[in-house]
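Q: Provided below for reference: sequence and predicted model.
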Amino acid sequence: DISGCAALERPSPDVPFDAVVLVVGGCNTQPGLDAVRGLLDRLLSDEVLAGCPLLILAIGTELPGALQGEALANQLGLDSIWDRRWSLQTSGGGAPRGVRDGLGWLLHQLRAAESAGPK
């Protein structure tokens, strides 16, 4: 549920960001998908978050009509993201695998960036 995303404050330029994690649920309706896409566009266009790896955790993927994997990536336009590394992980029915895999991917990205030195 991203019903509060309109009130999402812009990230402070005074706070360093290393990653963006977007947790979305209910991606089984067009209005829900449109809201997620709008929020994603806002996050990707913010210069404070430029270049940060992006992890999208889609929960509730067991719901009727919920999009999975490639279909969800296509609806969100993830293939057009070229300025950062990203991963989409789905999780549903209480199974933690997608969340665990996503956080593992993000940890790997952060460690690689740390070993590469300062930005």
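A: Structure's in. What do you need?

Q: Check the secondary structure at the most centrally placed residue in the chain for me.
A: By CA atoms, centre = their mean, the chain has its centre lying nearest to residue 56, at 2.5 Å. The three-state assignment at residue 56 reads strand, by DSSP: H, G, I helix; E, B strand; the rest coil.

Q: swap in residue 104?
A: helix.

Q: how far away is residue 85 from residue 31?
A: 29 Å (CB to CB, to the nearest Å). Every C-beta, even on glycine, is put in place using the N, C-alpha and C of the backbone.

Q: Of these two, which one has the most company?
A: The neighbour comparison of residue 85 against residue 31 (other CB atoms under 10 Å) goes to residue 85, with 17 against 8.

Q: per-residue confidence for that one?
A: pLDDT for residue 85: 95.

Q: swap in residue 16?
A: 79.

Q: What ranges does the protein have for its helices?
A: 30-45, 69-76, 97-116 (DSSP state H).

Q: chain center to the shortest one: distance?
A: I take that to be helix 69-76. For helix 69-76, the separation from the chain centroid amounts to 12 Å (computed by CA atoms, centre = their mean, to the nearest Å).

Q: neighbours of residue 51, just the number please.
A: Neighbours around residue 51, by other CB under 10 Å: 12.

Q: Give the closest residue to it in space, chain neighbours not counted.
A: residue 84 (5.5 Å; CB to CB, 6 or more residues apart in numbering).

Q: Tell me who's in contact with that neighbour.
A: 44, 50, 51, 52, 53, 54 (CB atoms under 8 Å, 6 or more residues apart in numbering).

Q: Find the residue ranges of the chain scoring beneath the pLDDT cut-off.
A: For the chain, applying pLDDT under 70 flags the ranges 1-11, 26-27, 95, 118-119.
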